[in-house]
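> Below are the sequence and a predicted model for it; my questions follow.
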Amino acid sequence: TRIDGAALRILAAMEKVNVFDPPCASPNCGSYLNENVTSDAHKELALEVARDSIIMLKNDDNVLPLSYAQKIAVVGSYSTQEPYDSTAPGANPFQGDKCAGGGSGHVFGPYVVNAWQGIKTRADAGIDVVLNATDDPESALMFLQSEKPDITIVVVGTSSSEAVDRPNLSLDNDADILIE
C-alpha cells in the first residue's frame with residue numbers, strides 16, 4: 001500500500017543514518033553531540049552554498065550601486081548582530097541567534113559578517129558609513145536628521161526556534177515601524 005511504501009522510505013532513511021544503533025544514549029552523549037566535525041571541505045561547501053543562495057535585490061529606479069552616495073546610514077539592531085556560539089563549553093545548544101536561527105538546526109558559521117561590517121567594508125573610499133544599531137524609531141529619526149545621509153539601509157528581522165510559538169508576525173522589537 002501507499003502507507004507501507006511511505007513508512008519503508010522513512011525507515012530506510014533512518015537506517016542509513018544509523019538512528020537505530022546510535023553511538024551513545026542520552027544523557028551520556030555530551031561529548032559526542034558537542035564534537036567539532038567541521039573540516040576545511042565542510043567550510044568551503046558551506047561558503048559556496050551561502051554565496052549561491054543569496055537573494056539579489058530588485059534595483060528599481062537604478063538605485064544600485066550606491067557609489068553616488070557620500071554618506072550611508074545603517075539603522076537597526078540586526079546590523080551588528082553577532083552569532084551565538086552554541087558549541088562553546090557550557091553553551092545552550094538550542095539557543096538561537098539572528099544569524100542562524102535556533103534549535104537543532106542552529107549552525108555556528110566560521111564566516112559570519114554582519115551587515116554593518118559588510119557595508120562598511122564594501123563602501124567605496126570617501127563614502128562615510130554611519131551606524132545607529134537600534135530599533136527605536138525616535139532614536140533612529142533623530143540620528144537620521146542629524147547625520148543627513150544620502151541613503152539609509154534598515155537592517156531588521158525576526159527569528160524563532162523549535163517548540164516556541166511566535167505571538168505575532170511582527171519583526172523583533174516592533175521594528176516594522178522603521179521600514180514604514
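Received the coordinates, thanks.

> what sits up against the lengthiest helix in the chain?
Assignment by DSSP state H gives helix 2-16 as the longest helix of the chain. With contact meaning CB atoms under 8 Å, 6 or more residues apart in numbering, helix 2-16 is reached by Phe20. From N, CA and C alone the C-beta is placed, and that goes for glycine too.

> try stretch 89-109
33-34, 46, 50, 78, 81-87, 112, 114, 157, 159-163, 172.

> again, but for stretch 30-50
23-24, 87, 93, 107, 109-111.

> Compile these into TSV and extend it with columns for distance to Thr152 and pLDDT.
Converted to TSV, those look like this (distance: CB to CB, whole Å; pLDDT from 0 to 100):
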residue	distance to Thr152	pLDDT
Pro23	51	71
Cys24	51	71
Thr87	36	75
Pro93	37	68
Val107	31	72
Gly109	27	71
Pro110	31	71
Tyr111	27	75
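
> Now list the buried members of those.
Buried members of those, counted by 16 or more other CB atoms under 10 Å: none.

> Now Ser31: phi and psi?
Backbone torsions of Ser31, given as degrees, to the nearest 10, read phi -70, psi -40.

> From Ser161, how far out is it?
Separation of Ser31 from Ser161 (CB to CB, to the nearest Å): 24 Å.

> The two: which is more packed in?
Taking other CB atoms under 10 Å, Ser31 and Ser161 do not tie; Ser161 has more neighbours (16 against 8).

> That one: which element?
Of the helices and strands defined by DSSP states H and E, none includes Ser161.

> Just give the number of residues close to the closest residue to it other than its chain neighbours.
Computed as CB to CB, 6 or more residues apart in numbering, the closest residue to Ser161 that is not its neighbour in sequence is Gly102, at 3.1 Å. Look at Gly102: counted by other CB under 10 Å, it has 21 neighbours.

> Could I get the buried residue list for stretch 83-97?
Buried, per 16+ other CB under 10 Å, within stretch 83-97: 83-84, 86, 96-97.

> That stretch spans what distance, first to last residue?
Stretch 83-97 has an end-to-end distance of 6 Å (CA to CA, to the nearest Å).

> continuing past the worst-scoring helix or strand of the chain on mean pLDDT, what's the next helix or strand?
In the chain, no helix or strand scores lower on mean pLDDT, DSSP states H and E than helix 30-33, which sits at a mean of 72. On the C-terminal side of helix 30-33, the closest following helix or strand by DSSP H and E is helix 40-52.

> distance of the residue nearest to the spatial centre of the chain from Ser86?
Centroid-nearest residue in the chain, with CA atoms, centre = their mean: Cys99, separated by 2.1 Å. According to CB to CB, Cys99 and Ser86 sit 11 Å apart.

> still on that earlier bit, between the buried residues of stretch 83-97, which is closest to Val17?
Of all those, the one with the least separation from Val17 (CB to CB) is Ser86, at 21.0 Å.
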